[in-house]
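Asks: Got a predicted structure plus its sequence, pasted below:
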There are 2 protein chains.
Amino acid sequence: MRKIRLGVVGCGIAARELHLPALKNLSHLFEITAVTSRTKSHAEEFAKMVGNPVVFDRYEELLDSGLVDAVDLTLPVELNLSFIEKALQKGVHVICEKPISTDVETGKKVVELSKKSEKTVYIAENFRHVPAFWKAKELVESGAIGDPVFMGWQIWVGMDENNKYVHTDWRKKPKHVGGFLSDGGVHHAAAMRLILGEIEWVSAVAKDLSPLLGGMDFLSSIFEFENGTVGNYTISYSLKGNERFEITGTKGKISISWDKIVLNEEEMKVPQENSYQKEFEDFYQVVAEGKPNDLGSPVQALKDLAFIEACVRSAGNKVFVSSLL
Amino acid sequence: MRKIRLGVVGCGIAARELHLPALKNLSHLFEITAVTSRTKSHAEEFAKMVGNPVVFDRYEELLDSGLVDAVDLTLPVELNLSFIEKALQKGVHVICEKPISTDVETGKKVVELSKKSEKTVYIAENFRHVPAFWKAKELVESGAIGDPVFMGWQIWVGMDENNKYVHTDWRKKPKHVGGFLSDGGVHHAAAMRLILGEIEWVSAVAKDLSPLLGGMDFLSSIFEFENGTVGNYTISYSLKGNERFEITGTKGKISISWDKIVLNEEEMKVPQENSYQKEFEDFYQVVAEGKPNDLGSPVQALKDLAFIEACVRSAGNKVFVSSLL
């Protein structure tokens, strides 16, 4: 099978630090043939890091070059829709960093574009490639904790002035719903939905507490999955603390972390894999081998975003997630 | 100052195991002069334990006996209103176990009765006498954790067939709102309100999961205090697990347990006092020394119940606690 010729579009933190190490390990599947970025010097630096692909001034030139089968979009989220649309118009596959879009309304347009196109639109949600979450899903579905009753996830991200994401222009004045709440939150929604299924309704309170972080930075929510499990998801992007992710069932409890799962008192190690690498492997299989696009499905990414948007809109009121979809 | 002559009304678990040890330590303040119980043998056994006060067949006879200045009511909660009313009609002070009543509607009548009477109606809420909660309040108000942002309280009571409360008749077929949710929950509401003040609104989901426990037994809620702190209170009366009670602020965190408070990493021991004894001492001071009835105030007890009733009614919808009051 021949390699996918990839155009990297946007050369920010995600491209350099998350995608590039993964792609370097997948040089048998992908060849980065073209690069572009709003800031040309960023594209040139990036090009040097990967073996001097062609650097284009403009995205349209990259798409017209005939040098790429697919583009890897790591952009300010408000550009996703238009950049995906242009790629599909030129018959180019897309892998695009989450969130799918700034809000559900424009995210739906991405879903529509993807349905109309024969080309793949793959929304890169690395949390759908994290072994710990799949192990948790397996344990819950095997009945290891009986019927799941309550899922509690408390996250204290503790971003301060030294955090690199804090200073990204598009994050400082976010056009995406809830700012950090959706930027980070779609990851958590993806993990929760992976393990416990669809979320029916949510009631939440979202706040802008930290002057350092653009947009909102605190969220606490309760919700109910379609399977009847009740959830509480609480996150602060500014405050520091220990993350806790636990699912309590009628017959036991699991605690989930990146490297291990504790089932009652029993500690289970979980394989450590690069979830970005796994998502590019999956993208390759979807594009080159006809594998169904389950894990990068725009519909899945839209549902992740819908949960967060429902939280942000709630102000303590009950919001059915499906009412946004 | 002379002793208060006390009639114990109802000789169940609360009277025998919670009130009696406290009253034995307070024999300089209280003399149990009369006893009555639905089951006469219970009253007779109880009487033997305290030095043979007069055993009455009927509550009305006890009230008319001229032997009591006050009654201690430890009854099925649905009897509180009528028993309080009768005592006040006879000019007898009342200390009555929480919850104030089965629901806010009838609880309001207790408040009205108490306002009209010159006699004291003291609702015994021992959580308002627990040193750990007062220490937590002091720490929060001193700014030790900065501005409080989030309070999380997860409780896994783990009642099984061996639990004595499970088999109480009036708990098996509860007439009080939410069953165990209000029976136990008013305690937690009292502690949360003591530490962080009034709760403005709540959104919650309540469930009846355990066939063993009468009425509802699971609750998860989010809410906002008037001071802006967001709370999550989650409780299961059937499932087992470790309790966690934490308040996170802009500058730190406290973890609250019965015997200690941990402020960030610093462990602070809290004095261990019998909260039932403290509540009877307080009742004495209110009745005999004219101390204001702050801690046993029916209005406070009504607000505790209103929070829980708001939770039970919510079904995921936003309920302003004041709308019940």
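Replies: Arrived safely, thanks for sending. Numbers count the residues shown, from 1 in each chain, chains lettered A, B, ... in the order given.

Asks: Give me the distance between the two termini of stretch A:309-319.
Replies: Here the two ends of stretch A:309-319 are set 10 Å apart, with distance taken as C-alpha to C-alpha, to the nearest Å.

Asks: Assess the claim that A:Val71 and A:Ala87 are in contact.
Replies: Yes: between A:Val71 and A:Ala87 there is a contact under C-beta atoms under 8 Å: 5.2 Å. Any C-beta I mention is one placed from the backbone N, CA and C, and that applies to glycine too.

Asks: Give the residues shared as contacts by those two.
Replies: A:63, A:93-94 (C-beta atoms under 8 Å, 6 or more residues apart in numbering or on different chains).

Asks: Just the ones in helices from the residues you listed, please.
Replies: Among the shared contacts of A:Val71 and A:Ala87, the residues falling in helices (DSSP state H) are A:Leu63.

Asks: Now that A:Val94 has come up, it's in contact with A:Ser117, right?
Replies: No: judged on C-beta under 8 Å, A:Val94 makes no contact with A:Ser117 at a distance of 9.0 Å.

Asks: Identify, from the shared contacts of A:Val71 and A:Ala87, the entry nearest to A:Val312.
Replies: Nearest to A:Val312 among the shared contacts of A:Val71 and A:Ala87: A:Val94, at 26.3 Å, using C-beta to C-beta.

Asks: Quick one: the helices in chain A, in order.
Replies: Going by DSSP H, chain A shows helices at A:13, A:20-25, A:40-50, A:59-64, A:80-89, A:104-116, A:131-141, A:169-172, A:180-196, A:275-289, A:298-314.

Asks: pLDDT averaged over the third one, what's the number?
Replies: So that's helix A:40-50. On average, the pLDDT along helix A:40-50 is 94.

Asks: Which residue is the nearest non-sequential neighbour of A:Asn13?
Replies: Let me fix one detail, which is that residue A:13 is Ile and not Asn. Spatial nearest neighbour of A:Ile13, excluding adjacent residues (C-beta to C-beta, 6 or more residues apart in numbering or on different chains): A:Lys164 at 5.8 Å.

Asks: For chain B, what's its nearest residue on the stretch 101-250 of chain A.
Replies: A:Ser203 (3.7 Å; C-beta to the nearest C-beta).

Asks: Relative to B:Glu309, how far out is the closest residue to that residue other than its chain neighbours?
Replies: Once flanking residues are discounted, A:Ser203 sits nearest to B:Ser203: 3.7 Å by C-beta to C-beta, 6+ apart. Distance, B:Ser203 to B:Glu309, using C-beta to C-beta, to the nearest Å: 14 Å.

Asks: Over to A:Trp153?
Replies: 28 Å.

Asks: Tell me which of these two has more neighbours.
Replies: B:Glu309 (28 against 19; other C-beta atoms under 10 Å in any protein chain shown).

Asks: I'd guessed that one sits against B:Gly185; true?
Replies: No: if you go by C-beta under 8 Å, B:Glu309 and B:Gly185 don't touch, sitting 9.4 Å apart.

Asks: which ones are touching the closest residue to A:Asp208 other than its chain neighbours?
Replies: In space, and not counting its chain neighbours, A:Asp208 is closest to A:Met216: 4.8 Å by C-beta to C-beta, 6+ apart. By C-beta under 8 Å, 6+ apart, the contact list for A:Met216 reads A:178-181, A:206-208, A:312.

Asks: Swap in 6 Å and give it another go.
Replies: Shown in contact with A:Met216 (C-beta atoms under 6 Å, 6 or more residues apart in numbering or on different chains): A:178-179, A:181, A:206, A:208.

Asks: with the residues you listed in mind, which one is nearest to A:Leu302?
Replies: Taking the contacts of A:Met216 together and measuring to A:Leu302 by C-beta to C-beta, the closest member is A:Gly178, at 15.5 Å.

Asks: Now the residue located most distally from the centre of chain A: phi and psi?
Replies: What lies farthest from the middle of chain A is A:Lys251; by C-alpha atoms, centre = their mean that is 31.9 Å. Per-residue torsions, A:Lys251: phi -130, psi 10 (degrees, to the nearest 10).

Asks: starting at the chain centroid, how far to stretch A:48-58?
Replies: Computed by C-alpha atoms, centre = their mean, to the nearest Å, the chain-centroid distance of stretch A:48-58 equals 26 Å.

Asks: May I see the buried residues of that stretch?
Replies: For stretch A:48-58, burial by neighbour count (16 or more other C-beta atoms under 10 Å in any protein chain shown) applies to A:50, A:53-56.

Asks: What of stretch A:162-180?
Replies: A:165-166, A:168, A:170-171, A:174, A:176-180.

Asks: What of stretch A:81-101?
Replies: Result for stretch A:81-101 [16+ other C-beta under 10 Å]: buried residues A:81, A:83-88, A:90, A:92-101.

Asks: Test my guess that A:Glu31 contacts A:Lys3.
Replies: Yes: contact criterion C-beta atoms under 6 Å: A:Glu31 and A:Lys3 qualify, at 4.7 Å.
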